[in-house]
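Novice: test case, fold it:
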Amino acid sequence: MSTSIPDSQIQRVTVLGLGRFGGGLGVARWWLDRGAEVLVTDLADRDELADAVSVLDVHAHRDRLQWRLGEHRIEDFSETDLVVANPAVPRPWNNDCLQAAWRAGVPVTTEIAILVSQLDRSRVIGITGTAGKSTTAAMTHHILRSCDVASVLGGNIGGSLLTTIDEVRAADAVVLELSSAMLWWLGATDDAPPGAPRWSPGVAVTTNVAPNHLDWHETESHYRACKSGIAAHQDDSDVHLSQDPGGADVFLGIPGRHNQSNARLAIAAAMQLAGVDGPRARAAAGSFTGLPHRLERIPSTDDFHYFNDSKSTTPEATLLAIEAMEDPGRVHLIAGGYDKGVSLDPIARRAGELGGLYTIGATGADLAAGGAARSCGTIDVAVRHARSSMRPGDILLLSPGCASWDQFEHFEARGEAFRRLVTTEV
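Specialist: Below you'll find the model as predicted:
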């Protein structure tokens, strides 16, 4: 782990940010099971965190669990043995609570750092990138399992592998999707936090890098440094796949030229780690059906085609989604959302060649300012206006190019809202 204190000496743990995706939940359970007193503190209230709270409230050792919801208190970070931070907390180097812990000499770590401390990194494939990392990670895992390699999938894709650590340790391969924030906490950059483990996977994969998450990193250079740092601590026997290895196209069940690149990277990663046979790996990639909210085709009963690409949170991902369609002129695009400080001009410039552009969320008005788009505000209004303009055979594509947090709890909720709207008879 990223602290030299033995587990047995850690009696009090503060978990900063329970969150909604499983990391905070998993690490709280981890320390409760090890006999520690655990304090979970989150700015969200109990109702907002109801699902995760309900799991911990019935834990066998809930008598050692305390809650601090709706607020943070500095003393919870300076008067403890260990702080476990949620990597999603932006600009941690300026966070008052984390600063208090570091000033008091309290070690600070993350769920992902604890996880990798339990793993043989030579059996880990770590995958990062601005676009495509979730699909590439899931496809790599699918290929490995299809080729009879015991594999588990985790990291930024959701959940916590700490809850099934015995199964994870027994696996032949561990595939981890790694965000730029996770990589910072793992020691990818020179400004890594005190006690960072300076860790890299045995097989590192970078799908691509473009400006993103400036709200977290403050600068594009810092974001890029974290991404490239996935391989910073590899040795000569390790491998870093940082671009499409090339070769023939792969038969795929998911659309898009970019997914050909994702597939070739996934195949190469599986071959590097586990020595799987190339033709067998290619055949396995063809049976991968994709992930929800990533260019997910929604069955329809009308004359239109619908694609849910709610996971698209960067302009580059939106452009890839447009290019995955045969005729952009028949694509009606819904875009916009939370403002991460990234220019949306690449999307705006494509408006003239689309069947229509309908903007939503905090960035919607600016995105529509050029006059080639219609500012709709909310997703239901956008769907209604798009349908009124579409011709039989046209495509309605939700690919926002922005995060969802201005109007939705997470990208899954945004995609589910879209799915409900387009499967409702009008």
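Novice: need phi/psi at the residue most central in space within the chain.
Specialist: By C-alpha atoms, centre = their mean, the chain has its centre lying nearest to Asn156, at 4.5 Å. The phi and psi values for Asn156, taken as degrees, to the nearest 10, are phi -70, psi -10.
Novice: which residue, neighbours along the chain excluded, lies closest to Phe408?
Specialist: Residue nearest to Phe408 in three dimensions, not counting chain neighbours: Arg414, with 4.3 Å by C-beta to C-beta, 6 or more residues apart in numbering. Every residue, glycine included, has its C-beta placed from N, CA and C.
Novice: check the burial of that neighbour by counting its neighbours.
Specialist: Using other C-beta atoms under 10 Å, Arg414 has 28 neighbouring residues.
Novice: what comes up buried for the host helix or strand of it?
Specialist: Using DSSP states H and E, the element containing Arg414 is helix 411-422. Under the neighbour-count criterion of 16 or more other C-beta atoms under 10 Å, helix 411-422 has Phe411, Glu412, Arg414, Gly415, Glu416, Ala417, Phe418, Arg419, Leu421, Val422 buried.
Novice: send the alpha carbons of it over as CSV?
Specialist: This file holds the C-alpha atoms of helix 411-422, laid out as CSV (Å, rounded to 0.1, in the frame of the first residue of the first chain):
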residue,chain,number,x,y,z
PHE,A,411,-23.8,9.4,-17.3
GLU,A,412,-25.8,6.2,-16.8
ALA,A,413,-28.8,8.2,-15.6
ARG,A,414,-28.5,10.5,-18.7
GLY,A,415,-28.4,7.5,-21.0
GLU,A,416,-31.3,5.8,-19.2
ALA,A,417,-33.4,9.0,-19.6
PHE,A,418,-32.6,9.0,-23.3
ARG,A,419,-33.5,5.4,-23.6
ARG,A,420,-36.9,6.0,-21.9
LEU,A,421,-37.7,8.9,-24.1
VAL,A,422,-36.9,7.2,-27.4
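Novice: begin at 853, not 1, for the rest of this chat.
Specialist: Sure thing, new numbering starts at 853, so read that last one as helix 1263-1274.
Novice: which residues touch that helix?
Specialist: Under the criterion C-beta atoms under 8 Å, 6 or more residues apart in numbering, residues 1144-1145, 1148, 1150, 1152, 1156, 1158, 1160, 1162-1163, 1165, 1186, 1189, 1231-1232, 1235, 1248, 1250, 1252, 1255-1256, 1259-1260 lie in contact with helix 1263-1274.
Novice: ditto for stretch 1142-1159
Specialist: With C-beta under 8 Å, 6+ apart as the criterion, stretch 1142-1159 contacts 986-987, 990, 1105-1108, 1111, 1160-1163, 1173, 1176-1177, 1239, 1242, 1244-1251, 1263-1264, 1267, 1270-1271, 1274-1275, 1277.
Novice: make it 7 Å
Specialist: Stretch 1142-1159 is contacted from outside by 986-987, 990, 1106-1108, 1160-1163, 1173, 1176, 1242, 1244-1249, 1263-1264, 1267, 1271, 1274-1275, using C-beta atoms under 7 Å, 6 or more residues apart in numbering.
Novice: likewise stretch 1164-1176?
Specialist: Contact with stretch 1164-1176 is made by 982-983, 1062, 1064, 1107-1110, 1147, 1161, 1180, 1183, 1185, 1187, 1194, 1196, 1198-1199, 1202, 1249, 1251-1255, 1263, as judged by C-beta under 7 Å, 6+ apart.
Novice: for that stretch, buried residues please.
Specialist: Applying 16+ other C-beta under 10 Å to stretch 1164-1176 flags Ser1164, Thr1165, Thr1166, Pro1167, Glu1168, Ala1169, Thr1170, Leu1171, Leu1172, Ala1173, Ile1174, Ala1176 as buried.
Novice: out of these, flag the one nearest to Ala1224.
Specialist: Ile1174 (14.2 Å; C-beta to C-beta).
Novice: hang on, the closest one in a helix?
Specialist: Yes - remark: Ile1174 belongs to a helix, assigned using DSSP: H, G, I helix; E, B strand; the rest coil.
Novice: how near is it to Cys999?
Specialist: When distance is defined by C-beta to C-beta, to the nearest Å, Ile1174 is 33 Å away from Cys999.
Novice: what's the answer for Thr1211, then?
Specialist: From Thr1211 to Cys999 the distance is 44 Å (C-beta to C-beta).
Novice: for Phe873, same thing?
Specialist: Taking C-beta to C-beta, one finds Phe873 at 29 Å from Cys999.
Novice: likewise for Leu967?
Specialist: Leu967 is 24 Å from Cys999, where distance means C-beta to C-beta.
Novice: list the contacts of stretch 1250-1261.
Specialist: So stretch 1250-1261 is contacted by 872, 1160-1162, 1164-1167, 1169-1170, 1173, 1185-1190, 1192, 1196, 1199, 1213-1215, 1230, 1262-1263, 1265-1267, 1269-1270 (C-beta under 7 Å, 6+ apart).
Novice: 8 Å instead, please
Specialist: Residues outside stretch 1250-1261 that contact it (C-beta under 8 Å, 6+ apart) are 872, 1159-1162, 1164-1167, 1169-1170, 1173-1174, 1185-1192, 1196, 1199, 1212-1215, 1230-1231, 1262-1263, 1265-1267, 1269-1270.
Novice: where exactly do the strands run in the stretch 903-1052 of the chain?
Specialist: Here the stretch 903-1052 of the chain has its strands, by DSSP state E, counting those that start in this stretch, at 917-921, 934-937, 960-962, 976-980, 1003-1007, 1025-1029.
Novice: got the angle between the fifth one and strand 976-980?
Specialist: Here strand 1003-1007 points in a direction 40 degrees away from that of strand 976-980 (axes from the mean of the first three to the mean of the last three C-alpha atoms, to 10 degrees).
Novice: by how many degrees do strand 1003-1007 and strand 1025-1029 diverge?
Specialist: If you take the same axes, to 10 degrees, strand 1003-1007 sits at 20 degrees to strand 1025-1029.
Novice: which elements pack onto strand 1003-1007?
Specialist: With contacts taken as 3 or more C-beta pairs under 8 Å, 6 or more residues apart in numbering; DSSP states H and E, strand 1003-1007 sits against helix 985-998, helix 1017-1022, strand 1025-1029.
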